[in-house]
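**Student:** Need a 3D model of the following:
(chains A and B)
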Amino acid sequence: MTAWMADLWENVRVALDGLVVNKMRALLTMLGVVIGVAAVIALLSIGEGAQASITDQIASVGTNLIFVTPGAANLHGPVQGASGSATTLTYDDALAVADAALVPDARWVAPEYSRNTQVIFGAANINTSVQGVTAEYLEAFELTTARGRFVEQRDVDRRANVAVLGAQAAENLFGGFDPLGQKIRIALPDGDGRVSLTVIGVLEEKGSSLMGSADDNLFVPISTAQTKLFNARNPLGELVVSRINVVAASEGRAEAVQNQVNDLLLRRHGFDAAEDADFSVINQADLLSMANQVTSIMTVFLGAIAGISLLVGGIGIMNIMLVSVTERTREIGIRKAVGARKSDVLMQFLLEAVVLSLIGGVVGILLGVGLAQLVEMTGLIDSLVTWNSVLMSVGFSVAVGLFFGIYPANRAAGLHPIEALRYE
Amino acid sequence: MIEIENVTKVYQMGEVQVHALRGVSLRIEPGEWVAIMGPSGSGKSTLMHIIGCLDTPTAGLYRLDGVPVGGMDEAQLADVRNRKIGFVFQTFNLLPRTSALKQVTLPMQYSRNGARVPLDEREGRARTALEMVGLGDRMSHQPTELSGGQQQRVAIARALVNDPIIIMADEPTGNLDSTSGAEVIEIFHRLHRERGITVVMVTHDEEIGAQAERIVRLRDGVIVEEVRR
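**Tutor:** Here you go, the predicted structure:
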């Protein structure tokens, strides 16, 4: 060990001695930093966790999925309004997109028309999204049936009164009973009365994703939804859809599909410029960046709130250090009399502040990680402790110690030895 | 060893200038024991602070060990105090809640460059110094656990530990009863006799002053009498 390292260590020990001499005060001072750092770690972890789980969900849908929705694109505002609020996307548009000659890179095209309404079986009822779909929907979203079968082309052709239940919807409506063959009733939102549907299938549980959970939904043939359950027509009397889901042949073709669909629909709707479009084509990358943007803002926001408490902790350090310098004026005088330079005194008090905030920071990290784990265990929110947030908090707490220690330390170092010795 | 020529010291107290020293010249040879005496306000403390390099003169020359002190900056003065001067104060001036051993180690923390004491030698030197003042069995005691006389002996050990050439003592027996005071004076005698240390002692106690080889009397910032015994 070289001499200056030994001396630095000696200085750290002097600082530690100074803290040990006044344990209670050191602990109380530290508490501010402990709470600040713990808050930063816990909130950043929750923010990062939320971001990771949202990103995971989007990625799990597959990056070759493209959504076409009515209404102008609005990537930077809030997520689109309720499905079906705009009626610019017709069923004929969907058929055109499904035409392999027009959009050659699409593997599956699954139009849907969805609305929320009440679904009743006996005394049980649930309010859920009733989704009018075609057979392609099953493939596009990689769903599987647990019992019975999914909506097929012949159901769409005949506008059959049939329904397929998501796993959770089946559980909620039927409990332990076998739903197959049972008649459920749909309350019609646009008029009085109800329509009876026969349950032909139940889906395997899929879990929730960013696009909602298929488990809660009820699937009916799109033609049934458009004409029998709801009135899905625009002022021209054309049938409309609330969304067209397109799966590209491969992930590499997603952008090509996006362009093909965009050009096709612009042409069909008679627009020259993309800015005029009365529909939007969104792929997973767009959604990912949108979600990341939202969660990043949330993380920064949470971190900033936690940062304020760290700042308050730092001011606590400065406050106590100032009191300490006044109280230890005589000690400073003694040290100077036996040969301490200005820089030695400065170093001692600065190190005390930094050691204080560093220990506070380490305890805060442990507490913060513990808090994040606790939050994780409740199962409500995911949390993710990243090295980034740990390093940032340590760095920040050292910086807080330095920043708020400099003024008191400088004050201590500047004392004149004689005046300091005379101080009562 | 200590050469002071026509030194003055002026303090600015708000609007008023206080002339603490009005031209003092003094030579102290190595191994001497000098008592600086005078009533309060005579400038004896100021003179001691200047000799002890805690303060610098407003005008005049001060050479310590042949080196002029006047042009030194704060860090150089600190080093001179650390290597060449040991202080003993009336109020002991020990660090609160610190063991005797740590008190005595303190000056070595601030020794640097050629004078640096290796970490593993510091405790041994502190022990030797404490044994020399008869406190070998009180090493781990804090000031509150020591009598006044013992505290002053810790302070003497601290003043000695860096082998200074001068010990500056400011009313070293002022806060002690006569028995402890006599013990402390005895230690000074021993150091002076056995180790040839130069002792500069500020006091207004005639009895303590009488222990010195030379008495320098100050009044109103000038030397009024020098008595060699």
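
**Student:** Okay, buried residues for the helix or strand bottoming out on mean pLDDT in chain B please.
**Tutor:** Lowest by mean pLDDT, DSSP states H and E among the helices and strands of chain B is helix B:206-209, with a mean of 89. For helix B:206-209, the neighbour count (16 or more other CB atoms under 10 Å in any protein chain shown) marks B:208, B:209 as buried. For the C-beta atoms, the positions are set from N, CA and C on the backbone; glycine is no exception.

**Student:** Now do the SS call for the closest residue to chain A within chain B.
**Tutor:** Residue of chain B nearest chain A, by CB to the nearest CB: residue B:82 (2.4 Å). Three-state call for residue B:82 (DSSP: H, G, I helix; E, B strand; the rest coil): helix.

**Student:** What sits closest to residue A:30 if chain neighbours are left out?
**Tutor:** Using CB to CB, 6 or more residues apart in numbering or on different chains and skipping residues adjacent in sequence, the residue nearest residue A:30 is residue A:360, 3.9 Å away.

**Student:** cool, residue B:113 as well?
**Tutor:** Using CB to CB, 6+ apart, the nearest residue to residue B:113 is residue B:79, at 8.0 Å.

**Student:** Which strands or helices does the longest helix seen in chain B pack on?
**Tutor:** Longest helix in chain B, counting residues (DSSP state H): helix B:178-195. Secondary-structure packing of helix B:178-195 (3 or more CB pairs under 8 Å, 6 or more residues apart in numbering or on different chains; DSSP states H and E): helix B:148-160, strand B:166-170, strand B:198-203.

**Student:** Nearest to residue B:69, out of those?
**Tutor:** Each of those has some distance to residue B:69 by CB to CB; the shortest is strand B:166-170, at 12.5 Å.

**Student:** What strands line up against the closest one, and which way round?
**Tutor:** Strand B:166-170 pairs in its sheet with strand B:85-88 (parallel), strand B:198-203 (parallel), by DSSP bridges.

**Student:** Pull the contacting residues for whatever residue of chain A ends up closest to chain B.
**Tutor:** Closest residue of chain A to chain B, CB to the nearest CB: residue A:339 (2.4 Å). Taking CB atoms under 8 Å, 6 or more residues apart in numbering or on different chains, we find residue A:339 in contact with B:78, B:79, B:81, B:82, B:83, B:107, B:110, B:111, B:162.

**Student:** one more time with 10 Å
**Tutor:** By CB atoms under 10 Å, 6 or more residues apart in numbering or on different chains, the contact set of residue A:339 is B:53, B:77-85, B:87, B:106-112, B:115, B:162.

**Student:** just residue A:304 next, same as before
**Tutor:** Residue A:304 is in contact with A:40, A:43, counting by CB under 10 Å, 6+ apart.

**Student:** again with the one 3 residues further on
**Tutor:** Counting by CB under 10 Å, 6+ apart, residue A:307 touches A:36, A:39, A:40, A:43, A:44, A:300, A:392, A:393, A:396, A:400.

**Student:** Apply 8 Å and report the result again.
**Tutor:** Residues counted as contacts of residue A:307 (CB under 8 Å, 6+ apart) are A:36, A:40, A:396.

**Student:** Which ones among those lie within helices?
**Tutor:** Going by DSSP H, the helices hold A:36, A:40, A:396 from those.

**Student:** These also near chain B: which ones?
**Tutor:** Among the ones in helices among the contacts of residue A:307, no residue sits close to chain B (CB under 8 Å from any CB of the partner chain).

**Student:** Now do the same for residue A:215: its pLDDT.
**Tutor:** pLDDT for residue A:215: 86.

**Student:** count of residues packed around it?
**Tutor:** Here the count is done by other CB atoms under 10 Å in any protein chain shown, and residue A:215 has 20 residues near it.

**Student:** likewise the one 4 residues further on?
**Tutor:** Per other CB under 10 Å, the neighbour tally for residue A:219 reads 28.

**Student:** that's a strand at it, yeah?
**Tutor:** Yes: checked against three-state DSSP, residue A:219 lies within a strand.

**Student:** Mind listing the residues bridging to it?
**Tutor:** Beta-bridge pairing for residue A:219 (DSSP bridges): residue A:131, residue A:164.

**Student:** dump the residue contacts of it.
**Tutor:** A:131, A:132, A:133, A:137, A:150, A:151, A:163, A:164, A:165, A:166, A:203.
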